[in-house]
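> Please find the sequence and the predicted model below.
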Number of protein chains: 2
Amino acid sequence: MAKPIIVQKFGGSSVANIDRIKVVAQRILESKTKRNNIVVVVSALGDTTDDLVDLAAKISEHPPEREMDMLMSTGEQISSALVAMAIQELGHDAISFTGAQVGILTDDIHTKAKIQNISARSIRKALKENKIVIVAGFQGVTKNNEITTLGRGGSDLTAVALAMALKAQVCEIFTDVEGIYTTDPRIVREAQKIKEITFDEMLEMASLGAQVMQPRSIEVARRFNIPLHVRSSFSKEEGTMIVKNTQKLEDLAVSGITCNKAEAKITICGVQDKPGVAAEIFTQISKAGVSVDTIVQNVSHTRQTDISFTVLKTDLTKAIKASQSIAEKLKAGDVLHDKNVARISIVGSGMRSHRGVAAKMFQTLAENEVNIEMITTSDISVSCIIDQSQAERAVKALHKAFSLEG
Amino acid sequence: MAKPIIVQKFGGSSVANIDRIKVVAQRILESKTKRNNIVVVVSALGDTTDDLVDLAAKISEHPPEREMDMLMSTGEQISSALVAMAIQELGHDAISFTGAQVGILTDDIHTKAKIQNISARSIRKALKENKIVIVAGFQGVTKNNEITTLGRGGSDLTAVALAMALKAQVCEIFTDVEGIYTTDPRIVREAQKIKEITFDEMLEMASLGAQVMQPRSIEVARRFNIPLHVRSSFSKEEGTMIVKNTQKLEDLAVSGITCNKAEAKITICGVQDKPGVAAEIFTQISKAGVSVDTIVQNVSHTRQTDISFTVLKTDLTKAIKASQSIAEKLKAGDVLHDKNVARISIVGSGMRSHRGVAAKMFQTLAENEVNIEMITTSDISVSCIIDQSQAERAVKALHKAFSLEG
């Protein structure tokens, strides 16, 4: 029977410089036993990617994406070769591969390609020769042999996809934090490391602002049921396991609390309350290249209503412009905007079975004199948009109210 | 009929930074007409290669060569992508390729691989679409899809080999000098740019110290009769054509004069003058990893002789050590060495038909009180090892004596 395979992914901060690469090599060797095989995925060294982007920016405002991929993919090729050298220097055989060399076949949407298939033949061959395999993350190749990159969170995705293709036992995501916390430890000192969390909860937390992993690779892990282990590259402590179902007898009502300050709120006032208006508005907003997150429209008792939505702060100018032009066309009222908002969310699979969770959240915020501007819910989360200046107070209060302090 | 193809190679100093890359892009576009196709080969940006070597050196004293190739090949991939971007920014379609992508098939001797075959299919396809093609120099791929590099002068070799595979009209080598000169213009102000020179002469000059091109790629160009045009990337002046036979009615006796200060001289004194001794000596020197250049052993009237030879200064310590151990074994005398030597050579195909060329060289040196320590000749060159302090005087005198001042 083939030995169990562990896939390990090290991010840019873990391989920021040669000293850290040596630490990573040591770390990899400590995981390697006679009874397992290790496949490592690495991101580019610290600032390499930014440096390459800067070079391209000096040549063109909109560099061609196919050439950007040729350029960017070198970052991970460099770090993978260096990690392979560092492992060999410690006495174990190792070999690095580009995405193309391990057959990570993607579509041809340059700079944000999607993985279609992985052959991994070269990896299997190298593992049979007892080599530790290092794969350049973030990249693939089209069927026409064109180099592609996978976009944001691409190295995580490479790791999860390889774990799937190789039927790995676990995919370990090494990062600069100890794992997933009940909330941001920089806000709440009592935040606890979560031992186990479900894919659903992690996805919800990631999309609501927890920045440890991109939702994209969590989704793939969930689809193929690949256990993820998020842990620190600087310590040997166990981190957080992300799994299909946790081993807990009863889920907590709330597993974690997120706080996201990246969004701004826009309100189009006095919109006619008739069919097709919302469609018209958000079609135009989307055409302006703006992604909308939360949308709130309340029932109206007159023939007019206000429609509010949130967008990324970086898209705010575009979004206001598009909204004003739509408001004019629809003969609506003013377009208001507010940059000083934060989204506070409680997340937990247990919400499905626990009642009164949302009510407890609103009550806690009220007791702490935090005004709620917008509310949205999913089956395992409740989010409130509040004034940004009250965000930390709200997170602290909720963390305590839901007994997450351990 | 297919359009004629011009292969252009730009070295590291031509693409040292973004400003120069923009100049190179402009330069390439000026060569492009409706009636030709351009294929460009680029080296890595200025110091990139050194930076990558430094990174590896921080990890290992002897980094594995397969991984060095993974690492080093990124340098040319970066510059080729940036040049393609810069051309597109100027409004012409362009596409970059790695060595693997254009099918530069090599053997598997990492860090000094030899090209075995070039498919160039992807290049032909891109040229049909009227794209300017940019190829990452210095690299190839084995039949097992392993990335290789070609060693010193590798980008020149890529250019010449592509010119051969594509049946190009000419291979233009862009560099930071105007062409090949009758001698080093830093030594002799009156040095003239040579309009045309034969492969044989260029090979001789290159191996005797002219540093514009590596002998390796000139040999390939000679074998497949690919005209080379060595010219400046900073000016539009024609440079030097390197061709099979020059158009001149009569060859000059001497086409150029080289001066090489990279060698040192070693003499093993009092060696027994009997068969097999030279073989013994140079087998041992070679085993010590030292390449020997000129060897001089004169006839002896006793039963002992002195054997002198030159080695690269960088190999001198190793060479002395090996020589001393051999001298001891052979019961020979002292081992002397001299770092302060220079090799002065006159080169010219015309030597084959002109008589008295060597004599004129020796006479010129004598008139200028330059003592000759060693002499060697080939059919189109004569070299003298002299004291390094007299090198410039010797070159100036010879340049004048052979009427090279135009």
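Right, received. Where do you want to start? Keep in mind that this is a model prediction, so the values were computed, not measured.

> show me what contacts the nearest residue to A:Phe234 once chain neighbours are set aside?
What sits nearest to A:Phe234 in space, not counting adjacent residues and going by CB to CB, 6 or more residues apart in numbering or on different chains, is A:Asp176, at 7.1 Å. C-beta coordinates here come from the backbone N, C-alpha and C atoms, glycine included. A:Asp176 makes contact with A:11, A:13-14, A:232-234, according to CB atoms under 8 Å, 6 or more residues apart in numbering or on different chains.

> Let me know the distance separating A:Asp176 from A:Lys339.
Distance of A:Asp176 to A:Lys339, given as CB to CB, to the nearest Å: 29 Å.

> So A:Gly154 sits against A:Gly137, correct?
Yes: assessed by CB atoms under 8 Å, A:Gly154 is found in contact with A:Gly137 at 6.3 Å.

> These two: which has the busier surroundings?
Each of A:Gly154 and A:Gly137 has its neighbours counted (other CB atoms under 10 Å in any protein chain shown); A:Gly137 has more, 31 against 27.

> Tell me who's in contact with the more buried one.
A:Gly137 touches A:9, A:41-43, A:76, A:80, A:99, A:154-156, A:158-159, counting by CB under 8 Å, 6+ apart.

> out of these, which one sits closest to chain B?
A:Ser80 (7.1 Å; CB to the nearest CB).

> any idea which element that closest one lies in?
Assigning secondary structure by DSSP states H and E places A:Ser80 in helix A:65-89.

> What is the distance between that helix and the centre of its chain?
Put simply, helix A:65-89 sits 22 Å off its chain's centre (CA atoms, centre = their mean, to the nearest Å).

> Buried residues, it. List them.
By 16 or more other CB atoms under 10 Å in any protein chain shown, the buried positions in helix A:65-89 come out as A:65-89.

> now stretch A:137-147
Those would be A:137-142, A:146-147, for stretch A:137-147 by 16+ other CB under 10 Å.

> now do stretch A:261-271
For stretch A:261-271, a neighbour-count test (16+ other CB under 10 Å) marks A:263-268, A:270-271 as buried.

> now do stretch A:322-330
Result for stretch A:322-330 [16+ other CB under 10 Å]: buried residues A:322-323, A:326-327, A:330.

> Can you pick out the ones from those residues that are in strands?
The members of the buried residues of stretch A:322-330 all map outside strands under DSSP state E.

> Could you tell me which ranges of the stretch 101-250 of chain A sit under the pLDDT cut-off?
Scanning the stretch 101-250 of chain A for pLDDT under 70 picks out A:249-250.

> Could you list the residues of it in contact with chain B?
Contact residues, the stretch 101-250 of chain A versus chain B (CB under 8 Å from any CB of the partner chain): A:101, A:122, A:145-147.

> so who does the residue positioned nearest the centre of chain A touch?
For chain A, the residue nearest the mean C-alpha position is A:Gln214 (1.5 Å; CA atoms, centre = their mean). By CB under 8 Å, 6+ apart, A:Gln214 lies in contact with A:152-153, A:156-157, A:206.

> for the stretch 201-350 of chain A, what spans make up the helices?
Residue ranges of the helices in the stretch 201-350 of chain A, as given by DSSP state H, counting those that start in this stretch, are A:215-223, A:277-287, A:316-329.

> Packed most tightly, which of those helices would that be?
With neighbours taken as mean count of other CB atoms under 10 Å in any protein chain shown, the helices of the stretch 201-350 of chain A reach their highest mean count in helix A:215-223, at a mean of 21.

> and the two most separated of the contacts of A:Gln214?
Farthest-apart pair in the contacts of A:Gln214 is A:Leu157 and A:Ala206; separation 13.1 Å (CB to CB).

> what about those two, which has more around it?
A side-by-side neighbour count of A:Leu157 and A:Ala206, using other CB under 10 Å, places A:Leu157 first with 28 against 22.

> can you give me phi and psi for that one?
phi -60, psi -40 (degrees, to the nearest 10).

> I'd say it and A:Leu150 touch.
Yes: if you go by CB under 8 Å, A:Leu157 and A:Leu150 touch, sitting 5.4 Å apart.

> Pull up the overlap in contacts between these two.
The contact lists of A:Leu157 and A:Leu150 share A:Ile115, where a contact means CB under 8 Å, 6+ apart.

> OK, contacts around the nearest residue to A:Gly406 once chain neighbours are set aside?
Excluding its sequence neighbours, the residue lying closest to A:Gly406 (CB to CB, 6+ apart) is A:Gln192, at 4.4 Å. A:Gln192 sits next to A:181-182, A:404-406 when contact means CB under 8 Å, 6+ apart.

> As a markdown table, the helices of the stretch 201-350 of chain A with distance to A:Lys360 would be great.
As requested, the helices of the stretch 201-350 of chain A are exported to a markdown table (distance: least, CB to CB, whole Å):
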| stretch | distance to A:Lys360 |
| --- | --- |
| helix A:215-223 | 26 |
| helix A:277-287 | 31 |
| helix A:316-329 | 32 |
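
> Identify those among the contacts of A:Gly137 that sit within strands.
Per DSSP E, the subset of the contacts of A:Gly137 in strands is A:9, A:41-42.

> ranking those residues by neighbours, who comes first?
Result: A:Val42 is most packed of those (other CB under 10 Å), 34 neighbours.

> What separation do you get for it and A:Pro63?
Distance, A:Val42 to A:Pro63, using CB to CB: 24 Å.

> Please apply the same query to A:Ile295.
Applying CB to CB to A:Ile295 and A:Pro63 gives a distance of 34 Å.

> ok, back up a step: turn the buried residues of stretch A:261-271 into a markdown table, columns for pLDDT.
Output for the buried residues of stretch A:261-271, formatted as a markdown table (pLDDT from 0 to 100):
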| residue | pLDDT |
| --- | --- |
| A:Glu263 | 92 |
| A:Ala264 | 95 |
| A:Lys265 | 94 |
| A:Ile266 | 94 |
| A:Thr267 | 93 |
| A:Ile268 | 93 |
| A:Gly270 | 89 |
| A:Val271 | 89 |
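
> from those residues, which two are the most distant?
The span of the buried residues of stretch A:261-271, defined through CB to CB, is set by A:Glu263 and A:Gly270 at 23.2 Å.

> Please list all residues in contact with the closest residue to A:Thr305 other than its chain neighbours.
Of all residues not flanking A:Thr305 in the chain, A:Asp273 sits nearest, at 4.6 Å (CB to CB, 6+ apart). Contact partners of A:Asp273, counting by CB under 8 Å, 6+ apart, are A:300, A:302-305.

> okay, A:Asp273: pLDDT?
pLDDT for A:Asp273: 79.

> Now do the phi/psi pair for it.
Dihedral angles of A:Asp273 (phi, psi; degrees, to the nearest 10) stand at phi -90, psi 80.

> Relative to chain B, how far out is it?
The gap separating A:Asp273 from chain B is 50 Å, by CB to the nearest CB, to the nearest Å.

> Then A:Glu373?
Distance, A:Glu373 to chain B, using CB to the nearest CB: 45 Å.

> Tell me, how many residues neighbour A:Ile194?
Neighbours of A:Ile194 under the rule other CB under 10 Å: 23.

> In the stretch 251-400 of chain A, where is pLDDT below threshold?
Scanning the stretch 251-400 of chain A for pLDDT under 70 picks out A:251, A:299-301.
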